[in-house]
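Asker: task: produce atomic coordinates for the following.
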Amino acid sequence: MSELGIIGDIHGCLAQLQEVVSKAVSRVNELVFLGDYVNRGPDSSGVINYLLALQARPELTVHFLRGNHDAQLVDALTGDGLDMLLRMGGAATIRSYVAPPYAEVSSQLRNAVPASHLEFLTSLRDTFSQDGVTVVHDPAKVGPTDTYLVAGHSVQQSAVPMIGESRAYIDTGCGTIADGRLTCLFWPSRGWIQSESSCL
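Answerer: Purely as a prediction, here's the structure:
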């Protein structure tokens, strides 16, 4: 069985994403992304462009899960979720798409986000299961599982992943805490790597 790379919450941190992916693909050719691609960090638009480019690479197999921040961006683009997006660090996302001056921000954002980005965000899945591992964004949204569980969403304030006997939490604060890092966990070895720099 070949190894799988599972990458935690990114939050608009393109440089850290590029660093971790470049390290990971020297070891694996299949990657799962846990979601929360947008908000808080400086380049949500660039993150999604990069993920779309990864998706197009024939030598890689990639799977993308939906985080709550991604779902909220979709709600802001297709409904009336702009206020909640702003409360979740969405101002940084808006700045990555919309140039000032800011007037009618909701319509400016809708006009600025490429169709390919909205298609990506609406195509995200909730879970991924393979070879004895279940991967989710929010561990609270999965019932009991008899496989190993890897989750994001719950920030590890130590900026290192919590890797236990039955589950691992790999949101290590990239884009959300001052010294946060982006983590990639390898399955089934449970080894891991991180970005060397923080995003904030």
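Asker: low-confidence ranges in the protein?
Answerer: 1 (pLDDT under 70).
Asker: tell me where it has strands.
Answerer: Counting by DSSP state E, the segments of the chain that form strands are 4-7, 30-33, 61-64, 127-130, 133-136, 148-151, 162-163, 167-169, 183-187, 192-194.
Asker: tabulate the ones you listed (TSV), appending distance to S116 and mean neighbour count.
Answerer: For the C-beta atoms, the positions are set from N, CA and C on the backbone; glycine is no exception. Converted to TSV, those look like this (distance: least, Cβ to Cβ, whole Å; neighbours: other Cβ atoms under 10 Å):
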stretch	distance to S116	mean neighbour count
strand 4-7	21	24
strand 30-33	17	22
strand 61-64	13	18
strand 127-130	22	14
strand 133-136	24	22
strand 148-151	28	22
strand 162-163	35	15
strand 167-169	31	21
strand 183-187	25	23
strand 192-194	29	19
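Asker: need those in CSV with distance to G175, can you?
Answerer: CSV is the format used below for the strands of the chain (distance: least, Cβ to Cβ, whole Å):
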stretch, distance to G175
strand 4-7, 13
strand 30-33, 14
strand 61-64, 17
strand 127-130, 22
strand 133-136, 20
strand 148-151, 17
strand 162-163, 19
strand 167-169, 16
strand 183-187, 12
strand 192-194, 14
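Asker: which one of those strands lies closest to A112?
Answerer: A112 sits nearest to strand 61-64 of all these, at 21.4 Å, using Cβ to Cβ.
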